[in-house]
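**Q** Just a sequence and a predicted model for now, questions to come.
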Amino acid sequence: MAWTTPKTDWRPSDTFDLDPDYARIRGNLLHLAGMARRLYPAIPLAELAEYTIEDVPDADFFAAVDGNADALLDGCFRPARVGRGRAYAANGPIWSADDLARIERALAALYDILRAEENTRPVLAFTMGGDFFGACI
């Protein structure tokens, strides 16, 4: 999935929609997981299902997004300014504007970090496979 600029200015009056909001957050989490896979050991993530308007999200829906953001930050790098996710329970409160802003700011920060790591990692300046590298006898 391609990276999409996160919405980081959530207000209490904003509404959360599956498309584009969940689609953007889900896509960005999957994009970051792919970037992290190239730089870090495997980070286990909860499944991020594709939802439609007919689906009624439960606590696991909200917990999976917040938990995956935390897992990626913990497995890669968590900037000091990025707070931790919170717990979600059945019949409990769901995301607030502050939660959504925290999640999307965390994803944006991790994206910047992973891009910088990809662009500055050392690479070998030769190609293997064309010549014979024999052992000295």
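**A** Cool, the structure landed.
**Q** and the residue nearest the centre of the chain, what helix or strand is that in?
**A** Among the residues of the chain, Leu29 comes closest to the average C-alpha position under Cα atoms, centre = their mean, at 3.0 Å. Under the assignment given by DSSP states H and E, the secondary-structure element containing Leu29 is helix 23-39.
**Q** tell me how far that helix is from the chain's mean position?
**A** Between the centre of helix 23-39 and the centre of its chain there are 5 Å (Cα atoms, centre = their mean, to the nearest Å).
**Q** Okay, buried residues for it please.
**A** Within helix 23-39, the residues scored as buried using 16 or more other Cβ atoms under 10 Å are 24-33, 35-36. Quick note: C-beta positions are derived from backbone N, CA and C, even for glycine.
**Q** for stretch 67-76, same thing?
**A** By neighbour count, with 16+ other Cβ under 10 Å as the criterion, the buried positions of stretch 67-76 are 67-73, 75-76.
**Q** Show me the contact partners of that stretch.
**A** Counting by Cβ atoms under 8 Å, 6 or more residues apart in numbering, the neighbours of stretch 67-76 from elsewhere in the structure are 29, 32-33, 36, 39-41, 43-46, 48, 82, 84-85, 103, 106-107, 110, 113-114.
**Q** What sits closest to Tyr51 if chain neighbours are left out?
**A** Of all residues beyond its chain neighbours, the one nearest Tyr51 is Leu18 (5.4 Å), with distances taken as Cβ to Cβ, 6 or more residues apart in numbering.
**Q** I figured the residue nearest to the centre of the chain hits Val65, correct?
**A** Yes. Applying Cβ atoms under 8 Å, one finds Leu29 in contact with Val65, separated by 7.0 Å.
**Q** Now for the two: what residues contact both?
**A** Shared contacts of Leu29 and Val65, defined by Cβ under 8 Å, 6+ apart, comprise Leu48.
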